[in-house]
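Q: Fold the following for me, if possible:
(one chain, ligands or ions: 1)
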Amino acid sequence: MAKLLLVAACALIDRDGRILMARRPEGKDMAGLWEFPGGKLADGETPEEALVRELKEELAIDTEASCLAPIAFASEALGEFHLLMPLYVCRKWQGMPTPEEGQELKWVRPSELTSMEMPAADRPLAAQLRDML
Ligand SMILES: Nc1nc2c([nH]c(=O)n2[C@@H]2O[C@H](COP(=O)(O)OP(=O)(O)OP(=O)(O)O)[C@@H](O)[C@H]2O)c(=O)[nH]1
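A: Numbering: from 1, shown residues only. Sure thing, here's the model as predicted:
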């Protein structure tokens, strides 16, 4: 049985209804694909705690668990693991998202989302998000 890989992901939505996508940098697996900011849960972390930490590390923004609303999740084979990834929406944070880890950032309209190259697990999430916004 594959081991579960728990990853928390976040769609930051700005005042114009655009979504922040991040491009995985060279050297990481799935380099070049566009994904939702976030990352793996550390031991003992809740998904919300992991996201608050990852958003700080990756984008230098501050938010809190009460600003994260879960909207969907992905459940998908990923190599030797099985990825379980809740997707949250966040509309309230402090600071300007800045690429702290060499990733490219892009604000996209909901209609543009599904034409971006993404990991397989993200495709249904992107479609759900587009339909929701
Ligand atoms: N953050 C994020 N990861 C995703 C998405 N879709 C998806 O398949 N993944 C996968 O989930 C895993 C998350 O790992 P990561 O590399 O972003 O997490 P991390 O920053 O905690 O890891 P690291 O410390 O090993 O670099 C990767 O295998 C990544 O490819 C997504 O939309 N966002």
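
Q: residues touching the closest residue to Glu54 other than its chain neighbours, list them.
A: Excluding the flanking residues, the one nearest Glu54 by CB to CB, 6 or more residues apart in numbering is Gly39, at 4.3 Å. C-beta coordinates here come from the backbone N, C-alpha and C atoms, glycine included. Going by CB atoms under 8 Å, 6 or more residues apart in numbering, Gly39 touches 7-8, 50, 54, 57-58.

Q: helix or strand right after the host helix or strand of Gly39?
A: Per DSSP states H and E: Gly39 is located in strand 38-40. The element immediately downstream of strand 38-40 (helix or strand, assigned by DSSP H and E) is helix 47-59.

Q: Quickly run through the sheet partners of the strand holding Gly39, with directions.
A: strand 3-12 (antiparallel) (DSSP bridges).

Q: Would you mind listing the outside residues contacting whichever helix or strand comes after the partner strand?
A: Scanning forward in sequence from strand 3-12 by DSSP H and E, the next helix or strand is strand 19-23. Identification of contacts with strand 19-23 by CB under 8 Å, 6+ apart yields 11-14, 32-37, 58-59, 97, 99, 103-110, 113, 116, 129, 133.

Q: Give me the subset of these lying in helices.
A: 58-59, 110, 113, 129 (DSSP state H).

Q: Please identify which of those residues is nearest to Lys92.
A: For the ones in helices among the contacts of strand 19-23, the residue nearest Lys92 by CB to CB is Leu59; the value is 14.1 Å.

Q: Quick check: the residue at minimal distance from the centre of the chain vs the ligand, distance?
A: The chain has Phe36 as the residue nearest its centroid, 2.5 Å off, counting by CA atoms, centre = their mean. To the ligand, Phe36 is 4 Å away according to CB to the nearest ligand atom, to the nearest Å.

Q: where does Lys40 land on pLDDT?
A: pLDDT for Lys40: 98.

Q: So which residues on this protein come close to the ligand?
A: Selection of the chain residues close to the ligand by CB under 6 Å from any ligand atom yields 7, 9, 28-30, 35-36, 38-40, 78, 83, 119, 121-122.
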